[in-house]
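Chemist: Pasted the sequence and its predicted model underneath.
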There are 2 protein chains.
Amino acid sequence: MNYKIDNLQYCNWSRKIFEINRSAGLDAVHVTIVYHEDFDELQLEIKKWEKIFNDNSDLIFPGKNFKDIDKANKENKTAIFFGFQNCSPIEDDIKLVETVHQLGCRFMQLTYNNQSLLATGCYEKVDSGVTNFGREVIREMNRVGLVVDMSHSAEKSTLDAIELSDKPIAITHANPSFWHAAKRNKSSDLLKILSDSGGMLGLSLYPHHLKNNSNCTLESFCEMIAKTAEIMDVTKIGIGSDLCLDHPDTVVEWMRNGSWSKSKNYGEGSKNNPGFPKQPDWFLDARGFSNIEKGLKEVGFSDAETHGILGNNWYNFYKSI
Amino acid sequence: MNYKIDNLQYCNWSRKIFEINRSAGLDAVHVTIVYHEDFDELQLEIKKWEKIFNDNSDLIFPGKNFKDIDKANKENKTAIFFGFQNCSPIEDDIKLVETVHQLGCRFMQLTYNNQSLLATGCYEKVDSGVTNFGREVIREMNRVGLVVDMSHSAEKSTLDAIELSDKPIAITHANPSFWHAAKRNKSSDLLKILSDSGGMLGLSLYPHHLKNNSNCTLESFCEMIAKTAEIMDVTKIGIGSDLCLDHPDTVVEWMRNGSWSKSKNYGEGSKNNPGFPKQPDWFLDARGFSNIEKGLKEVGFSDAETHGILGNNWYNFYKSI
């Protein structure tokens, strides 16, 4: 059985996008449901999702564990797994870790770009690693079965999380910095330690994470994967596209600024390029998975390796947690 | 004109305590109104204070600036200045800095013992200093007139705050570590930099911050002040007693643990000594100010220096901000 899994999307959800994901053959998608929201705001977001599931029950359903990926595959649907890109929904309360898991959350980043109560984000000047509260939260996430996601975290914090977590962690959406030295991308040393610990990397298709950004070629992307597979076990590599389809640019502004600054912060963008970047033409949406499939074979990956990267590796990761 | 100011109390407020503070001659007290509360919880706390002010209007009134200290002195009342021991009431929202100032807050700690969104507390393993959000908040606190208080913060974070703040900061309740090497006490280097920057130190009477704890002698305390005045300008030294009268021990447990841990944290206490410690017999409550007055004169302070330490220095600090 082969699965296709996109382990990070944050789209302006609509029936159109669920149809695209189905026509791309996606059995599962890990979707970001909140960034900087607190617990009350999370509950409002979950109510919105109840309606979305209800209105699109022929295309999607809420995923709780790996068995739902099998179910989706059989029923030609897409299982939707919830995740948070910041830890703000648990506020300062260890008990909320179990609560958000009960509400369906399966991945939580310990930080977005800035310092959180748990760890340091990749946009801070100094990285102090995982905090006192962070250590408690990782232990609790392990206990309830919530995956630690360090995609937007700084390096020492990520190394701490790998060491502290009894279960493998994930970097759901980032690329190696040897290929494109963005703040959000990860060092080869870190990727090796991640892989050795059983953790997964989801490769990102977000243009700011790509060599030559929107002009990145499919060949360059797949060659990067081949080189990454020399650093990491190929079974620890997947896709986390970071697709942000159909959002107005006010959304990326909010993602970057939250409510923490009076001046505008452009994050990975710039004053002249503040909005969502244009996707490369070979990955305009999830249907680009078929292009990546061809590209992976052209750079020499076997069928098994290719299907691993396109979904089976994430499936096995879900199965292990 | 001489003033008496206690620049930190966190008592289980009652008419009895306000009467004691009046009989001690206190013209002003900076009171902690919240520790780990969020913005909604802060508003509830402020409602409680509205009733307290109403019920005890012959003894206390809300202080907004230094003129209220003069008013209190004339009317034989105590001006109550609000402060927070953690930054949780501003949540992750820069706009709430101005809002909490409008609600009466005049001092805010950037951290309690743990990492906050703004800086690092003195109980963390690594101190990364003031964060991105912290820099924005300090600028905004300067603008609206809210004093940065680093009593519970780690050293690099405190040095960062002194450097980043355009206005003098305060350590409202702590002692020098040369005298008693508690995690909460401060190094001589830090105290000198604080003083040189125009910042104030409020000396604490909380037994865990005192040499020999509850058995600390008045002589030892006053000799410590004399030595501190060799490091700091004597006009930058005041009292911030940290009196926590009439609370049940569940309160100190909550102060230390908030909701961040499933296991119990004893903070400055220990498993065998988990509760509030016993005050030294010469400072059972604010009436101990008169003992400190005698003690300061005995170790050689002049009248002007003594009155400075007992209140005039804090008065001048309030006047400057």
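Modeler: That came in fine, so what should we check first?
Chemist: near chain B, which residues of the stretch 101-250 of chain A show up?
Modeler: Counting by C-beta under 8 Å from any C-beta of the partner chain, the residues of the stretch 101-250 of chain A close to chain B are A:114-117, A:120, A:123-129, A:131-134, A:136, A:140. Backbone N, C-alpha and C define where each C-beta goes, glycine included.
Chemist: Please repeat the previous calculation with a cut-off of 7 Å.
Modeler: Where proximity means C-beta under 7 Å from any C-beta of the partner chain, the interface of the stretch 101-250 of chain A facing chain B comprises A:114-115, A:117, A:120, A:123-124, A:126-129, A:131-133, A:136, A:140.
Chemist: what's the neighbour count on residue A:60?
Modeler: Residue A:60 sits with 25 neighbouring residues when counted by other C-beta atoms under 10 Å in any protein chain shown.
Chemist: Equivalent analysis for residue A:7, please.
Modeler: By other C-beta under 10 Å, the residues close to residue A:7 number 30.
Chemist: Tell me which residues touch residue A:15, please.
Modeler: Remark: with contacts taken as C-beta atoms under 7 Å, 6 or more residues apart in numbering or on different chains, residue A:15 is in contact with residue A:56.
Chemist: And residue A:202, by the same measure?
Modeler: Counting by C-beta under 7 Å, 6+ apart, residue A:202 has contacts A:7, A:8, A:170, A:171, A:172, A:173, A:238, A:239, A:240.
Chemist: Can you give me the distance of the closest residue to it other than its chain neighbours to residue B:223?
Modeler: Counting by C-beta to C-beta, 6 or more residues apart in numbering or on different chains, residue A:202 lies nearest to residue A:240, which is 2.4 Å off, once chain neighbours are set aside. Between residue A:240 and residue B:223 the distance is 62 Å, computed by C-beta to C-beta, to the nearest Å.
Chemist: which of the two has more neighbours?
Modeler: Set side by side, residue A:240 and residue B:223 show unequal neighbour counts under other C-beta under 10 Å, the larger going to residue A:240 at 30 against 17.
Chemist: Test my guess that that one contacts residue A:8.
Modeler: Yes - with contacts counted by C-beta atoms under 7 Å, residue A:240 reaches residue A:8, the gap being 3.6 Å.
Chemist: which SS class is residue A:289?
Modeler: Under the three-state scheme (DSSP: H, G, I helix; E, B strand; the rest coil), the conformation of residue A:289 reads as helix.
Chemist: Next, count neighbours for it.
Modeler: Residue A:289: 21 surrounding residues under other C-beta under 10 Å.
Chemist: In contact with it, which residues?
Modeler: The neighbours of residue A:289, taking C-beta under 7 Å, 6+ apart as the test, are A:4, A:24, A:310.
Chemist: Repeat the analysis, applying 6 Å as the threshold.
Modeler: By C-beta atoms under 6 Å, 6 or more residues apart in numbering or on different chains, the contact list for residue A:289 reads A:4, A:24.
Chemist: does residue A:311 count as helix, strand or coil?
Modeler: Using three-state DSSP, the three-state assignment for residue A:311 comes out as helix.
Chemist: hang on, the earlier thing: distance-wise, check the residue nearest to residue A:202 relative to chain B.
Modeler: Counting by C-beta to the nearest C-beta, to the nearest Å, the gap between residue A:240 and chain B amounts to 25 Å.
Chemist: Just name the closest of the residues of the stretch 101-250 of chain A next to chain B to residue A:42, please.
Modeler: Of all those, residue A:117 has the smallest distance to residue A:42: 15.8 Å, by C-beta to C-beta.
Chemist: Confirm for me that that closest one is in contact with residue A:132.
Modeler: No - look at residue A:117 against residue A:132 with C-beta atoms under 6 Å: they stay out of range, at 9.3 Å.
Chemist: Which residue does the stretch 1-150 of chain A have closest to chain B?
Modeler: Evaluated by C-beta to the nearest C-beta, the stretch 1-150 of chain A has residue A:128 as its residue closest to chain B, separated by 3.4 Å.
Chemist: That residue: neighbouring residues, count only.
Modeler: Residue neighbour count, defined by other C-beta under 10 Å, stands at 26 for residue A:128.
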